[in-house]
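Participant: Task: produce atomic coordinates for the following.
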Amino acid sequence: MMAKKIRLTVLSLIGLLFIFISSTGFQTVGEAESITTYIHGASAEPFPDRLGYAVEVFVSAVDIDGTPLTDLTPTDFTLLEDSRPVQLESVEPVEDEAMNLIFLMDASGSMGSILSQAQSAAEAFVMKLGRNDRSAVISFNEEIRTESEFTGNHRDSTIDAIRRVSSVNNKGTCLYDGAYQALEMALAAELGHRAIVLFTDGRDEKIDGKSCSTKTIEDVLNFSRQNAIPIFALGFGNKVDESSLKRMSEISGGAYIGIDKPSDIEDAYLRLYQLMTNEYALKYTSMTASGPHTIVVETNYQNAIGRATQTVVMPMPPTLIDFLSPKAGDTLSGEVLLSAAFLTQSVEIGSVKFSINGSVIGEAQSKPFETRWDTSTFRPGADQTLEVVAYDRLGGEAARKMISVSIVETLPEEIPTVRFSSPSVGSSHQGSVQLSARVDSFTKEVGYVTYYCAGKELGRLVSEPYEFDW
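Facilitator: This is a model prediction of the structure:
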């Protein structure tokens, strides 16, 4: 069972998120001992409640002999985003990651006797796959043939399909058509990580030297990076198109291994397996804007250095919306202010609607997006669902937010009562007379009492007892 598996770039369904990849792994010039670092993919998801992205970069590294480095620590990695160092939050080995793996095998006339050795080496690779992995086989010459669809039955179905592949004399090598069809099969696979393992001894040509494929290498490159499907290529012999295979592998986020002798084929498959199953996930937070950005990963291990570069397009983040007033859990009565705020890079907000339990209670057409609502028009109760929905200028929904509030009965507004204590009603007075009043108010605090006669103010008292001599 695979202890560690490659994690490939994730295409997020939420918000139709999509990562565009162009990566290069290379050795550092001038080092006595050098490391080759590979970036196999990246995932970037906007945070659901704030600006920024949670980013994961998936990396592997091999020493000068091609042996994967399996004991790397966070201090062995440095990551730059747009030439600026970022703080890595974690560096962890990727373990128990299931994948959809397609074995793409050259069946052209030139393969001859080496095909059987490639088959044996591929079978040994397949035997290492876990029960959660799925594998398929495609062969290619001038015809592209699906030998087996995706299956978890590696020992029988996949190995039998590999053994059925046969070299056809005087047939060319439609390499790009084969790679493109394998990518299409991978894209149609169930959710999970996907990769192509390609073995070939030639270049894209027919026996007469003319191009064999209807697809071009650019078609393959565009498909692989747009859909985040890496190609791991094994090229045998001195007639192989090494530059094209390296380009396909590096740009797609895979790796290339050249093979000189038939006896090295099994070791090449083993090295490829080790590379794909010894990977690290580098996690960090990005506060960059949406769009293309360049990341560089540097591996520094025992005074040897290797770097890899990749271009990542951060997806457009969703519009974030929240209530300014009221807040979740508030108890409402009387007239309340309904107000919302937004964080958005993608749309221009044209209007918002507020509703309670699905019934619209207010709308705002411009900033500030707020309105007032009389809660007395709604039946009191706990855990009412208050919702705000934002619309763009064309009327399409941009974002929504729900909170729970409680509504209590709105009591009628009390009018304080005032009555004279002195003088009594209808009494007659000359000279000095005491003015005294009583104010009854249960819900409002009395600020002051003013006495008038014929419209003229006689005096103002700010505390009890409200009396004085006039």
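Participant: now the strands for the stretch 251-400 of the chain?
Facilitator: 256-259, 280-286, 291-301, 304-314, 320-325, 331-332, 335-343, 349-356, 359-364, 370-374, 381-392, 397-407 (DSSP state E, counting those that start in this stretch).
Participant: how distant is the first one from the center of its chain?
Facilitator: A distance of 33 Å separates the centroid of the chain from that of strand 256-259, by CA atoms, centre = their mean, to the nearest Å.
Participant: could I get the strands of the stretch 251-400 of the chain as TSV with mean neighbour count and distance to Ser43?
Facilitator: Bear in mind the C-beta positions are built from the backbone N, C-alpha and C, glycine included. Below are the strands of the stretch 251-400 of the chain laid out as TSV (neighbours: other CB atoms under 10 Å; distance: least, CB to CB, whole Å):
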stretch	mean neighbour count	distance to Ser43
strand 256-259	20	24
strand 280-286	19	9
strand 291-301	18	12
strand 304-314	21	9
strand 320-325	17	20
strand 331-332	15	41
strand 335-343	17	22
strand 349-356	19	29
strand 359-364	15	37
strand 370-374	15	37
strand 381-392	17	27
strand 397-407	17	23
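Participant: Turn these into a markdown table, including distance to Val446 and mean pLDDT.
Facilitator: Rendered in a markdown table, the data for those read as follows (distance: least, CB to CB, whole Å; pLDDT from 0 to 100):
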| stretch | distance to Val446 | mean pLDDT |
| --- | --- | --- |
| strand 256-259 | 88 | 94 |
| strand 280-286 | 56 | 95 |
| strand 291-301 | 63 | 92 |
| strand 304-314 | 61 | 87 |
| strand 320-325 | 30 | 90 |
| strand 331-332 | 27 | 92 |
| strand 335-343 | 23 | 90 |
| strand 349-356 | 36 | 93 |
| strand 359-364 | 35 | 93 |
| strand 370-374 | 27 | 93 |
| strand 381-392 | 34 | 92 |
| strand 397-407 | 30 | 92 |
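Participant: Ser120 is nearest to which of the ones you listed?
Facilitator: The closest approach between Ser120 and any of the strands of the stretch 251-400 of the chain, judged by CB to CB, belongs to strand 256-259 at 13.8 Å.
Participant: Check which helices and strands that closest one is in contact with.
Facilitator: Taking 3 or more CB pairs under 8 Å, 6 or more residues apart in numbering; DSSP states H and E as contact, the helices and strands that strand 256-259 lies on are strand 231-236, helix 242-252, helix 265-276.
Participant: Can you show me the CA trace of it as PDB?
Facilitator: Extracted in PDB, the C-alpha atoms of strand 256-259 (Å, rounded to 0.1, in the frame of the first residue of the first chain):
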ATOM      1  CA  TYR A 256      11.400  13.600 -16.700                       C
ATOM      2  CA  ILE A 257      13.800  10.600 -16.400                       C
ATOM      3  CA  GLY A 258      16.100   9.700 -19.300                       C
ATOM      4  CA  ILE A 259      17.100   6.000 -19.800                       C
END
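Participant: That one pairs with which strands, and in what direction?
Facilitator: The strands beside strand 256-259 in its sheet (DSSP bridges) come out as strand 231-236 (parallel).
Participant: Stretch 207-222: which residues count as buried?
Facilitator: Within stretch 207-222, the residues that qualify as buried are 212-213, 215, 217, 219-221, counting by 16 or more other CB atoms under 10 Å.
Participant: Any regions of this structure where pLDDT drops low?
Facilitator: By pLDDT under 70, the weakly predicted segments of the chain are 1-33, 191-192, 411-414, 441-444.
Participant: rewinding a little: out of the buried residues of stretch 207-222, which are inside helices?
Facilitator: Counting by DSSP state H, these place 217, 219-221 in helices.
Participant: Let me have those in a markdown table, extended by distance to Arg194.
Facilitator: As requested, these are arranged in a markdown table below (distance: CB to CB, whole Å):
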| residue | distance to Arg194 |
| --- | --- |
| Ile217 | 20 |
| Asp219 | 18 |
| Val220 | 15 |
| Leu221 | 16 |
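Participant: Distance to Leu245 added to the strands of the stretch 251-400 of the chain, as JSON lines?
Facilitator: Shown next, in JSON lines, are the strands of the stretch 251-400 of the chain (distance: least, CB to CB, whole Å):
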{"stretch": "strand 256-259", "distance to Leu245": "5"}
{"stretch": "strand 280-286", "distance to Leu245": "25"}
{"stretch": "strand 291-301", "distance to Leu245": "23"}
{"stretch": "strand 304-314", "distance to Leu245": "18"}
{"stretch": "strand 320-325", "distance to Leu245": "44"}
{"stretch": "strand 331-332", "distance to Leu245": "67"}
{"stretch": "strand 335-343", "distance to Leu245": "45"}
{"stretch": "strand 349-356", "distance to Leu245": "49"}
{"stretch": "strand 359-364", "distance to Leu245": "59"}
{"stretch": "strand 370-374", "distance to Leu245": "61"}
{"stretch": "strand 381-392", "distance to Leu245": "46"}
{"stretch": "strand 397-407", "distance to Leu245": "45"}
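Participant: Which one, of those strands, ends up nearest to Thr78?
Facilitator: Proximity to Thr78 (CB to CB) singles out strand 291-301 among those, at 4.4 Å.
Participant: Given that closest one, what are its sheet partners and their directions?
Facilitator: Listed by DSSP bridges, the sheet partners of strand 291-301 and their directions read strand 77-81 (antiparallel), strand 304-314 (antiparallel).
Participant: Now distance to Pro230 too, for the ones you listed, in CSV please.
Facilitator: What follows is those, written out as CSV (distance: least, CB to CB, whole Å):
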stretch, distance to Pro230
strand 77-81, 19
strand 304-314, 12
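Participant: Tell me which of these lies nearest to Leu183.
Facilitator: Comparing those by CB to CB, strand 304-314 comes nearest, at 18.9 Å.
Participant: relative to strand 280-286, how tilted is that closest one?
Facilitator: 50 degrees (axes from the mean of the first three to the mean of the last three CA atoms, to 10 degrees).
Participant: chain center to strand 304-314: distance?
Facilitator: Between the centre of strand 304-314 and the centre of its host chain there is 19 Å, according to CA atoms, centre = their mean.
Participant: Could you list the alpha-carbon positions for it in CSV?
Facilitator: This file holds the C-alpha atoms of strand 304-314, laid out as CSV (Å, rounded to 0.1, in the frame of the first residue of the first chain):
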residue,chain,number,x,y,z
ALA,A,304,23.3,21.6,-1.6
ILE,A,305,20.6,23.9,-3.2
GLY,A,306,17.9,23.3,-5.7
ARG,A,307,15.1,25.7,-6.9
ALA,A,308,11.9,25.4,-8.8
THR,A,309,9.6,28.1,-10.2
GLN,A,310,5.9,28.1,-10.9
THR,A,311,3.3,30.5,-12.1
VAL,A,312,0.1,30.4,-10.1
VAL,A,313,-3.1,32.3,-11.0
MET,A,314,-5.0,33.1,-7.8
